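Engineer: What follows is a protein structure lacking sequence information:
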């Protein structure tokens, strides 16, 4: 089945002909390290999978469209591997996010387990993978009707979110807070979760900010050739948002709830195998999980200093998943060390020789934060810890599929797919293949410098077997 998505087996070839001069240059040092790793493994071109490894197309799919989770991938991607590997038993996703792997498992009538530290993601994956009966559907229909007819009161509501007055127009913020209060009176817990998820799903679209890069940016700041300019906020809000702010907010939630209702009634798939989701740190897997798994399929945070809590901080604060800065700090300090906010002073015990060689090529003076060196080391230390625990939970001949992207710092490639493969081999896994799905872009500052190495900057699926 997977052969339908595979283009060809790749043979690693050096980018340069090694001359006496080139052999001492940094780029050749990089290529010699990476090429030596590539020659150890079965690299497969799988460009037909590139549309499935990101959420761009998934957002149009039933159920997955309920919440625009930009870090997700398509259920179709998981389906490919379930069918190819003839999976018939338990599936695990230690970074379950919005629940894509769990949704795919359920649609294939397989029992699945998800682990996720972000409480926002736990809400989304729980709602998307819930079992809804006729009573739930009937109450959801009544909720939609009530929502259409409801009118806002005159009470002024407050929030603990310190940036709320900057992030939202006043009337929009009051509309959001009123509807959040209103949803507490919904008796049906499953319908209440659907409403709250829908409420959270529209927060960005009705706000003054957008997710961009590694954080949020104000929409009324415009980029010009000479830099950013800030438009008058009141004028910008008046030009973008309609006069009736409450109806504007209400209509967006209503539309999302109507999509949810349609999906539940028409294309919700098999619901017998409801997944079990743990709001826990996957690095503590062995302390709360004791099931034997046939397939683990997941996408970890990438080693690119991307802070997944930062881009969701508006939803986390407004949804009261975090009540203060300490709560947010604790979340950031739990789980994978993939950015400078997550170092948590934990020791680095695992060392990889090839990784250390590549880190040794960093131009420290060009790093925007000198802690990045330990972010990279900590990332693969956590990778080793997790894979070791996954190995112990994997049944004999079971599989692990990891969707991962390579990254670059100061012109030096960090080939995460290859280093993960090497770590997995050390633990005892066999590396079946590395499926290269697409090439990635990098910052404009690094683009020219990385031109001769761009083939290494890619998104791959590492397939392991016990």
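Structural biologist: It's in. Computed from a predicted model, the values in this text were never measured in an experiment.

Engineer: contacts and neighbour counts: CA atoms only from here.
Structural biologist: Fine.

Engineer: Can you list the low-confidence ranges for the stretch 201-350 of the chain?
Structural biologist: 268-271, 343-345 (pLDDT under 70).

Engineer: wait, the stretch 51-200 of the chain
Structural biologist: Counting by pLDDT under 70, the stretch 51-200 of the chain has low-confidence residues at 55-59, 70-71.

Engineer: where along it do the strands fall?
Structural biologist: Ranges of strands within the stretch 51-200 of the chain are 91-93, 112-115, based on DSSP state E, counting those that start in this stretch.

Engineer: go on, the stretch 201-350 of the chain?
Structural biologist: 209-212, 215-218, 221-224, 227-230, 276-278, 293-298.

Engineer: and these, which is most packed in?
Structural biologist: strand 293-298 (a mean of 25; mean count of other Cα atoms under 10 Å).

Engineer: how far does that strand sit from the chain's center?
Structural biologist: Its chain's C-alpha centre and that of strand 293-298 lie 17 Å apart, by Cα atoms, centre = their mean, to the nearest Å.

Engineer: Repeat that for stretch 305-320.
Structural biologist: Remark: stretch 305-320 is offset 12 Å from the chain centroid, using Cα atoms, centre = their mean.

Engineer: what's the answer for stretch 124-133, then?
Structural biologist: Chain-centre distance of stretch 124-133: 19 Å, with Cα atoms, centre = their mean.

Engineer: can you tell me which residues contact the residue lying closest to residue 245 once chain neighbours are set aside?
Structural biologist: Nearest non-adjacent residue to residue 245, counting by Cα to Cα, 6 or more residues apart in numbering: residue 172, 5.6 Å away. The contact partners of residue 172, taken as Cα atoms under 8 Å, 6 or more residues apart in numbering, are 206-207, 245-246, 249.

Engineer: farthest pair in the residues you listed?
Structural biologist: Within those, two members stand farthest from each other by Cα to Cα: 207 and 246, at 13.1 Å.

Engineer: Thought residue 454 was touching residue 406, still the case?
Structural biologist: No: counting by Cα atoms under 8 Å, residue 406 does not reach residue 454; the two are 10.5 Å apart.

Engineer: In terms of packing, which of these two has more residues around it?
Structural biologist: Neighbour comparison, residue 406 and residue 454: the larger count goes to residue 406, with 21 against 16 (by other Cα atoms under 10 Å).

Engineer: In its sheet, which strands sit next to whichever strand in the chain runs longest, and in what direction?
Structural biologist: As assigned by DSSP state E, the longest strand anywhere in the chain is strand 394-405. If you go by DSSP bridges, strand 394-405 pairs up with strand 293-298 (parallel), strand 458-465 (antiparallel).

Engineer: These into TSV, with extra columns for distance to residue 369?
Structural biologist: As requested, those are exported to TSV (distance: least, Cα to Cα, whole Å):
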stretch	distance to residue 369
strand 293-298	29
strand 458-465	24
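
Engineer: Which among these is found nearest to residue 373?
Structural biologist: Among these, strand 458-465 sits nearest to residue 373 (Cα to Cα), with 20.8 Å.

Engineer: Give the rounded mean pLDDT of the closest one.
Structural biologist: Across strand 458-465, the average pLDDT comes to 96.

Engineer: buried ones in it?
Structural biologist: For strand 458-465, burial by neighbour count (16 or more other Cα atoms under 10 Å) applies to 458-465.

Engineer: for these, which one is nearest residue 254?
Structural biologist: Nearest to residue 254 among these is residue 459, at 36.4 Å by Cα to Cα.

Engineer: residue contacts, the closest residue to residue 46 other than its chain neighbours?
Structural biologist: Nearest non-adjacent residue to residue 46, counting by Cα to Cα, 6+ apart: residue 6, 4.3 Å away. Residue 6 is in contact with 44-48, counting by Cα under 8 Å, 6+ apart.

Engineer: And for residue 430?
Structural biologist: When contacts are counted by Cα under 8 Å, 6+ apart, residue 430 touches 424, 464-466.

Engineer: Any figure for the gap between it and residue 383?
Structural biologist: Using Cα to Cα, to the nearest Å, residue 430 is found at 16 Å from residue 383.

Engineer: same deal with residue 361?
Structural biologist: 22 Å.

Engineer: Which one's more surrounded, these two?
Structural biologist: residue 383 (20 against 17).

Engineer: does the more buried one belong to a helix or a strand, and which?
Structural biologist: Taking DSSP states H and E as the criterion, residue 383 maps to helix 372-393.

Engineer: and that helix, what other elements does it pack with?
Structural biologist: Counting by 3 or more Cα pairs under 8 Å, 6 or more residues apart in numbering; DSSP states H and E, the packing neighbours recorded for helix 372-393 are helix 285-288, helix 416-427.

Engineer: now with 10 Å?
Structural biologist: Helix 372-393 sits against helix 285-288, strand 293-298, helix 353-359, strand 394-405, strand 407-409, helix 416-427, with contacts defined as 3 or more Cα pairs under 10 Å, 6 or more residues apart in numbering; DSSP states H and E.

Engineer: and these as a markdown table, adding distance to residue 168?
Structural biologist: Shown next, in a markdown table, are the helices and strands packed on helix 372-393 (distance: least, Cα to Cα, whole Å):
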| stretch | distance to residue 168 |
| --- | --- |
| helix 285-288 | 39 |
| strand 293-298 | 35 |
| helix 353-359 | 42 |
| strand 394-405 | 34 |
| strand 407-409 | 34 |
| helix 416-427 | 39 |
